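Q: predicted model and sequence follow; I will ask about them next.
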Amino acid sequence: SIDSPTVFCAGPQDIYVTVINGGTNQVDTFTVTHIINGGTPVVTVYDSILLDTLNGTGSNTVQLNLGTVNITSATTFEVYTSFPNNQPDTINLGDTATTTFVPALNGTFTIDSLGAGPTNYQSFDAAVSDLNTYGVCGPVVFNVANDTYVGQLAFDNINGASTTNTITFQSASGDTALCVVEWTAFNNGNQTYDGTVRFNAGASNIHFKNIKFYNPSTSSTYATVVTFNGNAEDVSFDGCRFTNNQSTTNSTFASLVYKTSSVNLEDITFEGCTFYKGSHGMYWYGNSGNYDKRTHVIDCEFLDQYY
């Protein structure tokens, strides 16, 4: 297996792998070959490590440091074993592992559909996908160009995120009306997975500034704009606007912000925001046995809700 690096900043990284003897004979000599970006194979022979059999009393695994690689962008890595006890390996199942190392995000980026370059994302979707996949290794800021970005923002538990390594999306112009994220929810059989912005379990340390979020769905049961679908903490919206097309229904699934009693939240803040339309501006259902902590709604405006 390839053990590390996992979440890391660009730069020199030690490569660790684990070799396992899954056979019925002890192994005291074996060869490990690794290849970086399809280049020249690097071959290393290990002749002083004893690997016991699969069900033996000794250890049948060993972790190896294959050296340091300077990883500044996506880097393919392949490693395989051969010649156990200096003999040809007749059973090759599980002898090879491959991965692509990608540095975690760190620093300032742009989201601009007309932009280019290594620090620009042309869609919100692409930025969120990289956050969910590669994590962060420092504070990350996305300056978002004026545009309407179509797609759901679904945040998972982002590796490396913390109260220090925060993730911020902010309108580059500061004009909420011109920086828009829009997604039309649909009947997928589970309303809790809807929402223009969805926070899954563990999604935390995420902040938004001066962005409009809109769900134009015509269905009164799939019209939420922000959905907390799992436990989360340290999430804030500053100067944002939330809106849908629903103001004549009492369906909770037409609420602009939706949270049920099964979800526990901490340090959630809405400050200077506008809530326009919706069955409810916020449907925030607590749990008497597991309280939410430090929910702040500060200087916000609620307009034209059914309730």
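A: Nice, thanks for sending it over.

Q: quick one, what contacts Thr99?
A: Ile2, Thr76, Phe77 (Cβ atoms under 8 Å, 6 or more residues apart in numbering). For the C-beta atoms, the positions are set from N, CA and C on the backbone; glycine is no exception.

Q: okay, and the beta partners of it?
A: Applying DSSP bridges to Thr99 gives these bridge partners: Phe77.

Q: any idea how far Tyr16 is from it?
A: According to Cβ to Cβ, to the nearest Å, Thr99 and Tyr16 sit 12 Å apart.

Q: Phe213 is in contact with Val197, isn't it?
A: Yes: here Phe213 reaches Val197: they are 5.8 Å apart, a contact under Cβ atoms under 8 Å.

Q: the two: which has the busier surroundings?
A: The neighbour count for Phe213 versus Val197, taken as other Cβ atoms under 10 Å, is higher for Val197 (29 against 25).

Q: pretty sure that one sits against Phe228.
A: No: Val197 is beyond contact range of Phe228, at 9.5 Å (criterion: Cβ under 8 Å).

Q: tell me how far stretch 160-169 lies from the chain's centre.
A: Centre-to-centre, stretch 160-169 and its host chain are 12 Å apart (Cα atoms, centre = their mean, to the nearest Å).

Q: hey, what's the nearest residue to Val128 once chain neighbours are set aside bridged with?
A: Of all residues not flanking Val128 in the chain, Leu153 sits nearest, at 5.3 Å (Cβ to Cβ, 6 or more residues apart in numbering). Beta-bridge partners recorded for Leu153 (DSSP bridges): Val197.

Q: what's the local residue count around Leu153?
A: Leu153 has 22 neighbouring residues, counting by other Cβ under 10 Å.

Q: thought it was touching Thr196?
A: Yes: the criterion here is Cβ under 8 Å, and Leu153 meets it with Thr196 at 6.9 Å.

Q: spit out the residues that contact the two alike.
A: Common neighbours of Leu153 and Thr196 (criterion: Cβ under 8 Å, 6+ apart): Val181, Trp183.

Q: any shared contact partners between Phe213 and Val197?
A: Common neighbours of Phe213 and Val197 (Cβ under 8 Å, 6+ apart) are Val181, Val225, Val226.

Q: among the residues you listed, name the ones in strands.
A: Among these, the ones falling in strands (DSSP state E) are Val181, Val226.

Q: quick one: the helices in the protein, in order.
A: For the chain, the helices defined by DSSP state H cover 124-134.

Q: pLDDT below threshold where in it?
A: 186-193 (pLDDT under 70).

Q: hmm, back to that, put the buried members of the contacts of Thr99 into a PyMOL selection.
A: Remark: buried members of those, expressed as a PyMOL selection using 16 or more other Cβ atoms under 10 Å:
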select buried, resi 2+77
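
Q: closest one of the contacts of Thr99 to Ala201?
A: Ile2 (26.4 Å; Cβ to Cβ).

Q: in stretch 52-61, what counts as buried?
A: In stretch 52-61, counting by 16+ other Cβ under 10 Å, buried: Asn60.

Q: show residues contacting it.
A: If you take Cβ under 8 Å, 6+ apart as the criterion, stretch 52-61 is touched by Thr18, Val19, Ile20, Asn21, Gly22, Gly23, Thr24, Asn25, Gln26, Leu50, Leu51.

Q: how near is the last one to Pro41?
A: Translated: Leu51. Remark: distance between Leu51 and Pro41 (Cβ to Cβ) = 22 Å.

Q: please apply the same query to Tyr80.
A: Counting by Cβ to Cβ - Tyr80 and Pro41 are separated by 9 Å.

Q: now swap in Asn60 and tell me
A: Where Pro41 is concerned, Asn60 sits at a distance of 25 Å (Cβ to Cβ).

Q: also Ile206?
A: Taking Cβ to Cβ, one finds Ile206 at 42 Å from Pro41.

Q: ok, those two, which is more surrounded?
A: Ile206 (24 against 12).

Q: hey, what's that one bridged with?
A: Ile167, Val235.

Q: what of Val27?
A: On the basis of DSSP bridges, Val27 is bridged to Leu51.

Q: pretty sure it sits against Asn86.
A: No: counting by Cβ under 8 Å, Val27 does not reach Asn86; the two are 10.0 Å apart.

Q: so the two - more neighbours on which side?
A: More crowded of Val27 and Asn86, by other Cβ under 10 Å: Val27, with 21 against 11.

Q: against Tyr149, how distant is that one?
A: Going from Val27 to Tyr149 by Cβ to Cβ gives 54 Å.
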